[in-house]
Each structure stands twice: as structure tokens, then as C-alpha cells.
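J.: got a structure for you, letters missing:
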Ligand SMILES: Cc1ncc(COP(=O)(O)O)c(C=O)c1O
């Protein structure tokens, strides 16, 4: 079995290696110029295990929209996850991997008619709704659907509020919609919610589960026997965030209000599984010094750095996901920090990654690393202005690999062991010949920040010239 439906190989890294050390080795080769991600599949594996162990009653249906990299989808499918699909395209992607239609929830409360017809024809029955028009469409196009009423219950703190777009009012609209579905003879099987993506308000899950319980009770009075509770997404995913508090709240609320155990409980985690698994490396390709206005001798007050990823690519999350990326300069020097801004590569002035940060002085050819870049980055990246979407180099730590291969029937020829040049350039687009990468690196030290360090080979035609005074 392959952990992907592509031929992409995965580098098994030795103990002690991290995404950062892999990045250092790749850029230390001097042949990599384009930005790239290092994706640690062990992180997704461990997070899946943590999710099901912390919330044993909750079955994850991964939100494909968050990151549809084939290796993520295949790994989660092999681990037994279900999938939350938002469209016909996502449904096809998941069915194409051999996942049963019953392991899919079409969790878009506003579905285009052709997508609804497609769900009907492929046997995807489980789907959400939050309004009467959707019920009318379902009645006409997929009358045997199993419907899940999406209610609104917003976290007080969340990275992205979703309630302004989806979810009916549980007290006023919920009962009316249940009655309308009953009148139409449709099968409503339960309740769903999404408290907001990147939830920073764990108690909201208790409020939402209670609101769902009340609708389960109401539904019983009009002849339904609800059997599914869908907790949606919202579980934070950045490096260092924890699921423990939310899990405690969820488990407590399930015990209190769904203690009898005959209700299937699912959730639609997206960012929790993938955010921390991706680290992005970007290269400074241009630089401007800004001096005080109107005085030619004024000191430099601010540096503008231009990197090869921006808001039309991976950093779309700055605009759409309210994400605040942190730049880690890989120079490894601790010199004077100067006020700086970091810009993407396009000609658009909106293409601003970091508006006002303190950074050490950087040169063209220096690299900035950004952690926790796996959620909503690749899926929404464009090639605006002709800049490519960053490629993905996949790694797995040796101990994760051992556990995964004991549990899953992984095919060994998909893995490359160690840190030879050929292992390091997997999935990337530079230096097709191993020789271009030099000898295989040992665990790499921080890159030199020595002022006289030679430029990397991909900058070899760049000739230093004396500045004009
Ligand atoms: C219906 C639905 N489910 C799940 C998710 C995933 O949310 P998260 O990434 O916060 O887990 C989203 C995100 O937009 C969503 O719209």
C-alpha cells in the first residue's frame, strides 16, 4: 500500500533530525532557490492517534478543504478516518481513493444542484443543511439523503468565525426546520455545528452540545429519532497548541447529555491534523533600505525584504485565515534587530506577509522559515504573477515510521532512508543530479552568518558592487 496515490517518495530521517534540520540541509546544498515546504507525516499520524485517544467517542471526519495533499488523505483513510467534503470535486477525490461513500459527510449547508445530484448518484447520503430552500432542493434531487441540521454556536474567541455564514438559530429556526423536513418526508438524522475555526474558547463546545441535545429532544416530539451528533471543526493546530482542554469539555458534555451511547458522534477536524506538520522555507530574493524622508543622509530606518512566497500563495492565510506567521531567520545570527517588513514576490502592494517586525539584517539568498503552515495554505495558493506554488518535501521520523509500518501495510519502496542528496531533493525542483548537492550532510549546524560567506551557487552570477555614496 502506498501512502499516496502519487509516486512521491518520503524521506525517513534519522533520530535527532527535525523539519528545520532537513530545511537546513536542503538549502545548505546551495541549489534550492524556490520556497518549499517540509511536511512531516509523522505529525499527522501522531495527531490522529492523540485525537482518538483523547476523545474516544468521537470519530474524526477530516475536513478535506484544509489540505488535500494526497499523502494526508491516504494516511487518514488508512487510519480509518472519515472525510468532510464541501463539493463534488472533494467527494470525487475521496471516492477515488476507495473510501466508502458512507464515510463521507457532505458538510456544506449550501450545495449547488449539480453537486447534490452527484452526491445522490455516488451514494453520498450524509449531508448538512441550515435552511428551508436546501430542504426543497434535497427533496427534489436526493430525497433519500440523511440530513444533519447545522446550528450556530459561535466561540467567543476563534481565528475564523463561520457562524455569520452558516448555522441556523438553534432555538428559533431549528424546531421550524425540523418540522419542515418532517412535512417533506425527509430523513433528518442529527445535528451539527462549527464553533469557529481555531477555537480559543473550549467551553463553547459544552454550550453547542447542550443546544444539540435540546434539538434531539424536540425532534423526538415530532417523530424523529436522531442518531448523529457532529461536533464540526475548530480544534487548534499550530505547534504548541493543545487539545486537552477541548477534549475534557467535549467528553464531559457527551457524558452529561449523550451518556446512553447510542448516538454516533463525529467531528470534522481540519487544521488540528495538518497545521503543525508543514514548515515553509522561503528565500529573500530582493531587499530595499528605507531612509527618513527628505534627507539623503538619513540613516536606514526600515528594511523591506522580498521573499518567494506571498499572500497569493502560502500566505493567503494572512488575509483569509487571520493567521499571524512568525519568521525564523535561518542565518542563526543574533546581530542587531532592525525594523523590517516582509513582502511576497508579486507586483501587488497587498502582497505583504509581515508588516512590522524586528529581524536581523538579511541579505539576498538568506532564508526565513515559517512553522505551522499546513492549514489552508496549499489548497488556496495561486500562481498569480507567474510565481509557482511551493513544492513539498515529505519526511517521517524513524520511530514514527516504525510505528506506522507496524500498523499500516505501507510499501517500503515509497521510502528513502537517510540524508543522502537523492533523499533530500525528493519532491523539489532543483538540482536533478546528486553531484549538484555535494556530499551527504551530517546533522547540519546553523547556517553561517559570516559577512564574507560566499553566496549560494544559485546566486553565483550575482556580482557584488560597491554602493553609491
Ligand atoms: C463545515 C466545516 N467543517 C470543518 C471545517 C474545518 O475546521 P477546522 O480547520 O477549524 O478544524 C471547516 C472549516 O472551514 C468547515 O467549514
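T.: That came through fine. Worth saying up front: this structure is predicted, and the values here are computed from it rather than measured.
J.: Give me the mean pLDDT for the lengthiest strand in the chain.
T.: Identified as the longest strand of the chain according to DSSP state E is strand 278-291. Mean pLDDT, strand 278-291: 96.
J.: helices or strands next to that strand in the packing?
T.: Where contact means 3 or more Cβ pairs under 8 Å, 6 or more residues apart in numbering; DSSP states H and E, strand 278-291 is packed against helix 19-28, strand 36-40, strand 300-307, strand 367-370. Backbone N, C-alpha and C define where each C-beta goes, glycine included.
J.: These: which one's closest to the ligand?
T.: Nearest to the ligand among the helices and strands packed on strand 278-291 is strand 36-40; the distance by Cβ to the nearest ligand atom comes to 16.9 Å.
J.: ok, back up a step: buried deepest among the helices and strands packed on strand 278-291, which one?
T.: When these are scored by mean count of other Cβ atoms under 10 Å, the highest mean neighbour count falls to strand 36-40 (a mean of 26).
J.: export the helices and strands packed on strand 278-291 to a markdown table and tack on mean pLDDT?
T.: Conversion of those to a markdown table gives the following (pLDDT from 0 to 100):
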| stretch | mean pLDDT |
| --- | --- |
| helix 19-28 | 94 |
| strand 36-40 | 98 |
| strand 300-307 | 94 |
| strand 367-370 | 97 |
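J.: got the ones you listed as CSV, with distance to the ligand columns?
T.: Formatted as CSV, the helices and strands packed on strand 278-291 follow (distance: least, Cβ to the nearest ligand atom, whole Å):
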stretch, distance to the ligand
helix 19-28, 21
strand 36-40, 17
strand 300-307, 26
strand 367-370, 18
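J.: so where is the stretch 351-469 of the chain shaky, pLDDT-wise?
T.: 431-432, 434, 439-440, 445-453, 460, 463-464, 466-469 (pLDDT under 70).
J.: ok now do residue 106, which residues does it touch?
T.: 85, 86, 91, 115, 119, 124, 126, 127, 128 (Cβ atoms under 8 Å, 6 or more residues apart in numbering).
J.: again, only using 7 Å
T.: 85, 91, 119, 124, 126, 127 (Cβ atoms under 7 Å, 6 or more residues apart in numbering).
J.: Could you find the closest non-adjacent residue to it?
T.: residue 127 (3.9 Å; Cβ to Cβ, 6 or more residues apart in numbering).
J.: on contacts alone, who are the packing partners of the helix or strand containing the one you found?
T.: Using DSSP states H and E, residue 127 sits in strand 126-129. When contacts are defined as 3 or more Cβ pairs under 7 Å, 6 or more residues apart in numbering; DSSP states H and E, strand 126-129 sits against strand 104-106, strand 146-151.
J.: Just to be sure, residue 245 is in a helix?
T.: Yes. Counting by DSSP: H, G, I helix; E, B strand; the rest coil, residue 245 is part of a helix.
J.: was I right about it contacting residue 203?
T.: No. Residue 245 is beyond contact range of residue 203, at 9.2 Å (criterion: Cβ atoms under 7 Å).
J.: what about residue 309, is that helix, strand or coil?
T.: Going by three-state DSSP: residue 309 is coil.
J.: That one - how many residues pack around it?
T.: For residue 309, the count of nearby residues is 31 (other Cβ atoms under 10 Å).
J.: wait, it sits on residue 280?
T.: Yes. Under the criterion of Cβ under 7 Å, residue 309 makes contact with residue 280 at 6.5 Å.
J.: Spell out which residues are contacts of both of those two.
T.: 35, 390.
J.: what sits against residue 198?
T.: 158, 159, 160, 236, 271 are the contacts of residue 198 under Cβ under 7 Å, 6+ apart.
J.: How many neighbouring residues does the nearest residue to the first one once chain neighbours are set aside have?
T.: So the one you mean is residue 158. The shortest distance from residue 158 to any non-neighbouring residue, by Cβ to Cβ, 6+ apart, is to residue 196 (2.9 Å). Residue 196 is flanked by 24 other residues according to other Cβ under 10 Å.
J.: Show me this structure divided up by domain.
T.: Domain assignment of the chain by automatic domain parsing yields the ranges 1-34+390-469, 42-269, 278-372.
J.: nearest to residue 383, of those domains?
T.: Among those, the nearest to residue 383 by Cβ to Cβ is domain 278-372 (8.0 Å).
J.: gap between the two ends of the closest one?
T.: For domain 278-372, the first and last residues are 6 Å from each other (Cα to Cα, to the nearest Å).
J.: ok, the residue sitting nearest the centre point of the chain to residue 264 distance?
T.: When the chain is reduced to its mean C-alpha position, the nearest residue by Cα atoms, centre = their mean turns out to be residue 375, at 1.7 Å. Applying Cβ to Cβ, to the nearest Å, the value for residue 375 to residue 264 is 26 Å.
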